[in-house]
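Chemist: need coordinates for the following:
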Amino acid sequence: GMTLRTAHVAPARLSRRALVTRAVATPAPVTVPEPEQREAITAPRPDVAMPNMQDPWNDPKWKDTKWTVYRDVAYDLQPFYDKHPGGEWLLNLAIGRDCTALIESYHLRPEVSTARFSKLPVLEDFPVTAVPTSPRPNDSPLYNSIRTRVRKELFPREGKAEHRMGGDAAAATIMGTAVACYALYANFTGPLAGAMLGLAGAWIGLTIQHCGNHGAMSPKTWVNNALGMTDDLIGGSSLMWRYHHQVSHHIHCNDNALDQDVYTAMPLLRFDARQPKKWFHRFQHYYLFAAFPLMQLAFQVGDLKGLFTRDCEGAKLHGATALELATVVVGKIAHFGLLLAPLAWGASGAAVAAGVASFVAVQGMVLACTFAVSHNVAETKVPEDTGGEAWERDWGIQQLVTSADWGDKIGNFFTGGLNLQVEHHLFPAICFVHYPAIRKIVAEEAEKIGVPYASYRTLPGIFVEFLKFVKDMGTADQIGDVVEAKHKNKSMCPLGFA
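Modeler: Just a heads-up that it's a prediction; the model follows:
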């Protein structure tokens, strides 16, 4: 019942979890041996059982329980479903895994989420140690200092959900633009109209679907869900996105074994020196411009595969409901229906084919370039920054040193805050319109403790550095895994570290 990560993990990926003794309710101090004493084995992904341990995912006793693990305690989430302010779909992400990083990075007021867990049923005899340990944002002094200032300086009226407000005008502008571009495509079907529709689709993908699926566009669950499902209209899947992007990428940013955005580009594109080098990678800075336009096709295949396997590669869909799974099918029908609709009122097959090809190429290129640059420049890919096990690292520092910002308010409007990637990773549940203000706080707090904060003035500036990095990764020799965390979570690893 246990699946090892063999296809996407460097051979020397370490698992020290077997060396840790933890109590269910009160974790014992972790003794970490010297790097040369650590046993090099292939680590499992975060949602399958640890080696030689019970498997709660397939054990009949727990299989039908909506269980999760939060800070070494297993809980039954079922009683909370009707009370969760963020809605069922976001809560489903916590099912069947250690949800600590998800919970702590999504709640601006940590005391609220802690109080909620104190009222949930504890699963006393649950095999907690079988579940791979999540990082712990609330153990990060940097993250806590930034969050405290954000609360006090930007959102002093707590309990009003103001951090999820402010994006209405942007959402209306983006949706209005998309409707206008589709009207153009429907009436003047061809490559130019397809390209315009691709730009509108990319704007949706960068902004309202992204922010909506994070639950950050509105305090109202139905608004976030509706905006999130615009991802289905442009050819993606809101369900797959939530698991791939929020469970895999956000929690484990730039981890070469756990961040789906890093390892699924292989073998075509190599974004980490710990990955195997192929002869053709020396040309990847050229052919990525041919690969990026095809990104949407790759997502189409991945979405359908995930629907049948209940696995998006970066995370298993343990909590996905029948309704959520249905959105994948309905979304594909709606997407292709909209693209092919001009045939119904007389457009030629050639014109529709040209329009669809142009739409796919333009949308794919814009999305890929915008998403890729912020995590793939030299300063965000220092192997030591994602060394050791995920739970050993200071999560707040990891988000800072594995992301780079560019631009400011204008870029923020057109990318839904993806230009301010550091702030987005620290606060994914805050609406993107607030990121420019948060940026100043992040920069000041990072400077206080001497943590690098990468920022570029413009998109062309960071894109040039991105191309240099891709070229360098095409020829860089493969290295082994870094066995010790550089930025330690000292609450989890009090011993064995200086």
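Chemist: so who does G166 touch?
Modeler: Residues counted as contacts of G166 (C-beta atoms under 8 Å, 6 or more residues apart in numbering) are 431, 433-434. For glycine as for every other residue, the C-beta is placed from the backbone atoms N, C-alpha and C.
Chemist: please read the previous query as pertaining to T321.
Modeler: By C-beta under 8 Å, 6+ apart, the contact set of T321 is 88, 92.
Chemist: if I look at it, how far off is N224?
Modeler: The spacing between T321 and N224, counted by C-beta to C-beta, to the nearest Å, is 16 Å.
Chemist: give me the below-cutoff pLDDT ranges for this structure.
Modeler: 1-44, 494-498 (pLDDT under 70).
Chemist: tell me what the helix ranked longest in the chain is packed against?
Modeler: Looking across the chain with DSSP state H, the single longest helix is helix 349-373. On a contact count with 3 or more C-beta pairs under 8 Å, 6 or more residues apart in numbering; DSSP states H and E, helix 349-373 meets helix 191-206, helix 295-309, helix 322-340, helix 459-475.
Chemist: need the next SSE after it, C-terminal direction.
Modeler: Using DSSP states H and E, the helix or strand that follows helix 349-373 towards the C-terminus is helix 395-401.
Chemist: elements contacting that following helix?
Modeler: Applying 3+ C-beta pairs under 8 Å, 6+ apart, one finds that helix 395-401 contacts helix 141-154, helix 421-426.
Chemist: of those, which stretch is the most buried?
Modeler: Each of the helices and strands packed on helix 395-401 was scored by mean neighbour count; the highest is helix 421-426, a mean of 26, by mean count of other C-beta atoms under 10 Å.
Chemist: W67 contacts K61, doesn't it?
Modeler: No. Contact between W67 and K61 fails when scored by C-beta atoms under 8 Å: they sit 10.2 Å apart.
Chemist: looking at the two, which one has more neighbours?
Modeler: Set side by side, W67 and K61 show more neighbours around W67, with 25 against 12, by other C-beta atoms under 10 Å.
Chemist: the more buried one bridge partners, please.
Modeler: When assigned by DSSP bridges, W67 has beta-bridge partners D76.
Chemist: quick one, helices of the stretch 51-200 of the chain?
Modeler: Taking DSSP state H, counting those that start in this stretch as the criterion, the stretch 51-200 of the chain carries its helices at 60-63, 88-92, 100-106, 110-118, 141-154, 168-187, 191-206.
Chemist: please name whichever of those is nearest to V483.
Modeler: V483 lies closest to helix 100-106 among the helices of the stretch 51-200 of the chain, at 21.5 Å (C-beta to C-beta).
Chemist: who's in contact with the closest one?
Modeler: Contact partners of helix 100-106, identified using C-beta under 8 Å, 6+ apart, comprise 69-71, 86, 90, 93-94, 110, 113, 134-138, 215, 246-247, 250-251, 395, 426-429.
Chemist: before we move on, back to that, is it possible to get CSV of the helices and strands packed on helix 349-373 that adds distance to R151 and mean neighbour count?
Modeler: Listed next are the helices and strands packed on helix 349-373 as CSV, based on distance: least, C-beta to C-beta, whole Å; neighbours: other C-beta atoms under 10 Å:
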stretch, distance to R151, mean neighbour count
helix 191-206, 27, 23
helix 295-309, 36, 17
helix 322-340, 32, 16
helix 459-475, 30, 17
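Chemist: can you redo those helices as CSV with distance to G416?
Modeler: Listed next are the helices and strands packed on helix 349-373 as CSV, based on distance: least, C-beta to C-beta, whole Å:
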stretch, distance to G416
helix 191-206, 5
helix 295-309, 18
helix 322-340, 20
helix 459-475, 14
